[in-house]
Each structure stands twice: as C-alpha cells, then as structure tokens.
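In: Need coordinates for the following:
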Amino acid sequence: MLVDAFGRSIDYLRVSVTDQCDLRCQYCRPLSLPVAPPLAGILSNADIVTVVRAAALLGVRKVRLTGGEPLLRRDIVDLVSSLAAVPGITDLSLTTNGLHLERLALALAAAGLKRVNVSLDTLHADRFVRITGAPGLERVLAGIGAARAAGLRPVKVNVVVMRGVNDDEIADFAALTVGNGWHVRFIEVMPIGPASGDPDCDNVLTHSQDAGALLVSAAEILSRLPALTPDDSVVGFGPARMFRLPGATGTVAIISPVTDHFCSGCNRLRLTADGKLRPCLLDDGEVDLWPVLHTDHTPEDVARLITQAVANKPRQHHLDEGHSARARTMTQIGG
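Out: Okay, the predicted model is just below:
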C-alpha cells in the first residue's frame, strides 16, 4: 500500500490520455487565451498500461481516464479494454465533456468501463455556447442518455458553479435528481493554469479578485437548496459530500476545493499525457516517468518513481494564500 508522509493511503490514479479538447470552457482555456501547442510526446497505450500495472502492484485500485477530452483519443476503447484487464484495478471510470459519448458509450461499456462523469455547466443552449465556446448541449444530453442506457452507472454530472454565469441554475440541476434520477455534483470554481496569474487575460479566472467574485461557496450552494438532507448511504471515492432531495432517485454532491479543502483525505495521483506524475492538482511539482518508460526498464523502476511521487505529495494546497498551479492548463494536467 502506498502511504505518503502524512499518513494518507494513495489508491487512486487519474490518467490524462490527451491534452486536446474540442471545447474552450472559459474557466479552463478561454477563447482569449492562446491555445498551448500540443504536447511534444504522448504516452502510448502500452506506456499507460505499464504505469497502471506498477501502480496496481503498489496498491492503487481506482483509475479514472481524463483529458483534455479523453474521447478524442482514437484508441480510447482499446485502452479501456487493456486497463480493465489489469489485475488489482477494481474501478475504471472516465470524465468527459460528453460530445462524443453517444457514439462511444456502448463500446466503452463493453470494453470494461464502469462509469462516467460528464462535465455540463448549463442547461441552456445559448449559455452553453458562451461558457464552452461552441454549440453542443443536445449532444451532451444525448451522451448522458446513451451512457445510462449502456449501463455506465452512475452517470455523474459535474457542474462548476460560477456567480453571474450559471449560479441561477443550481435549483434546476438539483431538480433533475428527482425527475430524471441524475447524480449532480456542484463544484467550486478554482483558479488554475497560466491565465490564473495574468491580469491582462480576460479569462474569468485571471487573478484572485476575479476568482473570488466568481466563487459560489459550498455553504451558499447548500443554502440555496434548503430541502437537501445528508445522505450517508452513498460512499464515493472522492471528496464529495452527498445529499438527497425528497423523493429523489439521484443525488446531489458538493465539492469544495476552495472554501473547505479536503487535502487531509486526498488519496490520488495524476499522470499527465506526457508522462509526468503530479502528486497534487494545485501544485506544479512533478516526477517525470517518460525517460524510464522509453528506455530499458523493469516494473521496479516504474514503481520506484511512483513511490517518489507519493513521497513528494504536499500536505495541502495553498489557494488561500494565493498560490495555485500555473505551469500547465487543466487540459494538460487532467482533471
């Protein structure tokens, strides 16, 4: 079992399979921010499987595939099939923007994917364009339906809540847990990436003042949904606090990385698409696996670097002090 310097057991690996995305969400890589050039080298399926096998031998049990947009990777179904066969991995999931989910849901489920999270910040088509830079709401909704039909359960819908942008839809999203059985996760907006420190960029998260203006705290989200009651019967793999509305078959989750961080219970590492292990999403420290993966190596060589990354894991992030990850965009890190 992997245990860091602060006694946290690390059993969850998030794997970015591409830095490419076909949306330009304003809190991630807005239209005003120049698109970073594609990463020079991307891990192959064999590379990713090698890392996951080594991680599984060390006690990792849960793997989530992320991006960029992971469904843009042409061999994503083959990768899912290979990872589903790795001994010790008990949960294999994926986070997507949903645009390609309708086409791929059945194949992903057949390959061994267990469940998906779909990022969706609005239920209005015109607002979807303003937030993401492109049309596509109906495709995302169709993808959610296809995922549920394919047996990828539960399908969780991730909503980044932003004041003055989409916070007027909190009740509408929550209502879908009753009428449609959705599992909705409200997430506090985080400043991350190069634009988070550039006051001349009109990213909605250019600096701390803007981030603070956009932030709708977990406490405020809960105050807007007074009928919610805690639901301790639902146990997830992450930091979400679970709630339920009366009569709902779905759940409401609140994730508060800014106002009530969950670093003390963090159980994860992140593997970037170019082979860097990041112990913390909001810290730029990395351990480079690429040189070892692309020379003669043993499983022990890879395991040693994974253990090093765990040893480097900081106690907590420092958003409250104005420090965030700025060396990479979220699409280059993996969510």
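In: count of residues packed around Ser82?
Out: 18 (other Cβ atoms under 10 Å). (C-beta placed from N, C-alpha, C; glycine too.)
In: should've said Tyr12
Out: 19.
In: residues in contact with it?
Out: Val60, Arg61, Lys62, Val63, Arg64, Phe237, Gly238, Asn267, Arg268, Leu269 (Cβ atoms under 8 Å, 6 or more residues apart in numbering).
In: and the strand or helix carrying the fifth one, which strands flank it?
Out: Going back to what we said before, that points to Arg64. Here Arg64 sits within strand 62-66, counting by DSSP states H and E. Sheet partners assigned to strand 62-66 using DSSP bridges are listed as strand 12-16 (parallel), strand 91-96 (parallel).
In: next helix or strand past the shortest one?
Out: Read in the C-terminal direction, the helix or strand following strand 12-16 is helix 45-57, with elements assigned using DSSP H and E.
In: List of residues touching that next one?
Out: Contacts of helix 45-57 (Cβ under 8 Å, 6+ apart): 13, 15, 17, 43, 60, 63, 75, 78-79, 82-83, 86-89, 269, 271, 275, 289, 293-294, 299, 302-303, 306.
In: which parts of that helix are buried?
Out: Asn45, Asp47, Ile48, Val49, Thr50, Val51, Val52, Arg53, Ala54, Ala55, Ala56, Leu57 (16 or more other Cβ atoms under 10 Å).
In: What of stretch 23-36?
Out: In stretch 23-36, residues buried by neighbour count (16+ other Cβ under 10 Å) are Leu23, Arg24, Cys25, Gln26, Tyr27, Cys28, Arg29, Pro30, Leu33.
In: Regarding stretch 254-265, how distant is the last residue from the first?
Out: Stretch 254-265 has an end-to-end distance of 16 Å (criterion: Cα to Cα, to the nearest Å).
In: Buried residues, it. List them.
Out: Across stretch 254-265, burial judged by 16+ other Cβ under 10 Å covers Ile254, Ile255, Ser256, Pro257, Val258, His261, Cys263.
In: Give me the subset of those that lies in strands.
Out: Secondary structure from DSSP state E places Ile254, Ile255 of the buried residues of stretch 254-265 in strands.
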